[in-house]
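Asker: could you look at this predicted model? Sequence included:
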Amino acid sequence: MDSGEVYDQLTVLTDGLLYISEAESEFSVYEVEDDTEIDSMMEDVAGQSITTFAEENYTLFFDRVLAALDVADAAMQELRQKYVVLFEYLQATFQKIRVYIAGDVEQNIFVRCTPTDGNTFLLHTIAVES
């Protein structure tokens, strides 16, 4: 699949997708041609060294996100479905998916998606956890 098509699809799948914490934050999508630039890009966004980032298994990350959404609430059910569709797309499209979390109270969350060949994609959002 063409990287432009992947970027467009990720943009559609994350449109209106909120990460729910003490604040609600949308996702940003980035496409990076040179995989070596991603680390410095993540450091610039988070304002700290990548060596301080925590890595979380992406399946556990999505499971945790889904578990936090109230299934009795219609809006949360819709949000939950959007996460499921995104998760399935990421699994079908990318060879490697990694989740990094930087920060304590204000956390930068990065979902780094690496295809077999082509550009790497980065999804970014912010969580507030006190």
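Answerer: Happy to help now that I have it.
Asker: report pLDDT for the residue of the chain most remote from its centre.
Answerer: For the chain, the residue at maximal distance from the C-alpha centroid (CA atoms, centre = their mean) is Ala72, at 24.7 Å. Ala72 is assigned 92 on the pLDDT scale.
Asker: what about it, which SS state?
Answerer: coil (DSSP: H, G, I helix; E, B strand; the rest coil).
Asker: now do it against Arg80, distance only.
Answerer: In this view, Ala72 and Arg80 are 11 Å apart by CB to CB, to the nearest Å. C-beta here means a position set from N, CA and C on the backbone, and glycine is covered the same way.
Asker: just to revisit the earlier point, would you mind measuring from the residue farthest from the centre of the chain to Ser49?
Answerer: Distance from Ala72 to Ser49, by CB to CB: 41 Å.
Asker: again with Thr120
Answerer: From Thr120 across to Ser49, the span is 20 Å (CB to CB).
Asker: ok, Asp34 next?
Answerer: Asp34 is 20 Å from Ser49, where distance means CB to CB.
Asker: who has more neighbours, these two?
Answerer: The residue with more neighbours, out of Asp34 and Ser49, is Ser49; 11 against 8, by other CB atoms under 10 Å.
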